[in-house]
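**Student:** Here is my input; please provide its structure:
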Amino acid sequence: MVKRFKVWSYKEGERPIFHMGPMSNIYAIEGQFIEEIESEESPFRAKHPEEAHTFFMPISVANIIKFIYSPVIYPSDYNRDRLYRLMNDYVGVVANKYPFWNKSNGADHFMVSCHDWAPEVSHEKPQLFKNFIRVLCNANTSEGFQPRRDVSLPEIYLRRGTLGPVDLGQAPHERTILAFFAGGLHGYIRKILFQQWKDKDIDIQVFEKVPRGLNYTKLMGKAKYCLCPSGYEVASPRVVEAINAGCVPVIISGSYSLPFSDVLDWSQFTVQIPISKIPEIKNILSHIPNEKYLRLYDKVSQVKRHFVLNRPAKPFDVYHMVLHSIWLRRLNFKIGNINSL
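**Tutor:** As a prediction, the model looks like this:
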């Protein structure tokens, strides 16, 4: 793939809505991906659109919300019309200027976004976007995410000036906490989790805020299992944080299409607990044999490189994994047989 796959990023559009995005915080993957794919040094960058296998729409939904839905200009206005109009107009511009969108009905075009609203760009005109590849953190199959067409994007929280959290993970025998979670009361899953476990158990340490004097990253590094419940949306940066800390992720979600499932078997390095089993978390985790835990721990160490963000990108990192997922969907698509998608 690295030697053959080429991506053309459309040049149309002006900053800050196009060609740039947030480089830090919860939506950082948007800006990081846009900057990397448009870099002159990227081995995937097509020099001419005719040599491209796929076409990137360099639009940042996070920046649309920040600059177009300004609370100063439009206080408390969350009408999606402006979002729809921007995306529809951009498709119109590139479809009128180039032959590629019309040739494939958008099936070899993609966008990348981590904002909660990103799936909605296609809602007003579903027929226009029926083949379009959406690379999304909000990969919720109950809200229209299609794993065969779309790509699930890991959510990575980046502090300003960094490319990821510090690795403070301990060896397995030094991990004295059975399970850990700290985070805001966002969504019904966390409400159930807090009702059952918040500040109630020394082995299942669940906090809304990390107690004074303790360190979030160090606590992850001391835990065998890190609880990763969905918040308002299905994705959580804690999955990547847990993997980075060598802590086995415990996925508690509904309808979440996990990233890179085309090639990664998540059952080999995570524990997945149904929402209905939240009251049984301690019983479930404490009854996992140590031999199985060590296998999960080893697999977490092996897959860690696939969730690391590098600049410039390196083989097998998260950037390459995202492009590989797009590459697989491009291989499954034939221009002469679009309706089979």
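
**Student:** show me the contacts for residue 277.
**Tutor:** residue 284 (CB atoms under 8 Å, 6 or more residues apart in numbering). Backbone N, C-alpha and C define where each C-beta goes, glycine included.

**Student:** tally of neighbours for residue 158?
**Tutor:** Around residue 158 there are 21 other residues, counting by other CB atoms under 10 Å.

**Student:** For beta bridges, what are the partners of it?
**Tutor:** residue 25 (DSSP bridges).

**Student:** pretty sure it contacts residue 114?
**Tutor:** No. Counting by CB atoms under 8 Å, residue 158 does not reach residue 114; the two are 10.9 Å apart.

**Student:** and the protein, what are its domains?
**Tutor:** 7-158+310-340, 172-307 (automatic domain parsing).

**Student:** could the ones you listed go into CSV alongside mean pLDDT and distance to residue 164?
**Tutor:** Formatted as CSV, those follow (pLDDT from 0 to 100; distance: least, CB to CB, whole Å):
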stretch, mean pLDDT, distance to residue 164
domain 7-158+310-340, 92, 7
domain 172-307, 97, 6
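
**Student:** show me where the stretch 201-341 of the chain has helices.
**Tutor:** 216-222, 238-244, 281-286, 290-303, 318-331 (DSSP state H, counting those that start in this stretch).

**Student:** quick one: the strands in the stretch 51-200 of the chain?
**Tutor:** Secondary structure of the stretch 51-200 of the chain (DSSP state E, counting those that start in this stretch): strands at 54-56, 109-113, 133-136, 151-152, 177-182.

**Student:** which other residues reach the fourth one?
**Tutor:** So the one you mean is strand 151-152. 110, 133-137, 139, 145, 235, 257-261, 322, 325-326, 329.

**Student:** tell me the phi and psi of the residue nearest to residue 131 when sequence neighbours are not counted?
**Tutor:** Nearest non-adjacent residue to residue 131, counting by CB to CB, 6 or more residues apart in numbering: residue 107, 3.6 Å away. When read as degrees, to the nearest 10, the backbone of residue 107 gives phi -70, psi -20.

**Student:** returning to what we had before: got any residues that touch both of residue 158 and residue 114?
**Tutor:** residue 28.

**Student:** Counting neighbours, what do you get for residue 155?
**Tutor:** By other CB under 10 Å, 24 other residues sit near residue 155.

**Student:** ok, now which ones touch it?
**Tutor:** 26, 29, 114, 137, 235, 236, 237, 239, 240.

**Student:** and the gap between the second one and residue 64?
**Tutor:** The reference is to residue 29. 16 Å (CB to CB, to the nearest Å).

**Student:** if we can go back for a sec, okay, the helices of the stretch 201-341 of the chain, which one's buried deepest?
**Tutor:** helix 238-244 (a mean of 25; mean count of other CB atoms under 10 Å).

**Student:** Remind me what that helix packs against, helices and strands.
**Tutor:** Helices and strands touching helix 238-244, as assessed by 3 or more CB pairs under 8 Å, 6 or more residues apart in numbering; DSSP states H and E, comprise helix 216-222, strand 223-229, strand 248-252, helix 290-303.

**Student:** Quick one: residues contacting the closest residue to residue 266 other than its chain neighbours.
**Tutor:** Distances taken as CB to CB, 6+ apart put residue 258 closest to residue 266, at 5.0 Å, once the chain neighbours are dropped. By CB under 8 Å, 6+ apart, the residues touching residue 258 are 139, 152, 251, 264, 266.

**Student:** count of residues packed around the last one?
**Tutor:** Neighbourhood size, residue 266 [other CB under 10 Å]: 17.

**Student:** so it makes contact with residue 272?
**Tutor:** Yes. The pair residue 266 and residue 272 qualifies as a contact (CB under 8 Å) at a distance of 7.2 Å.
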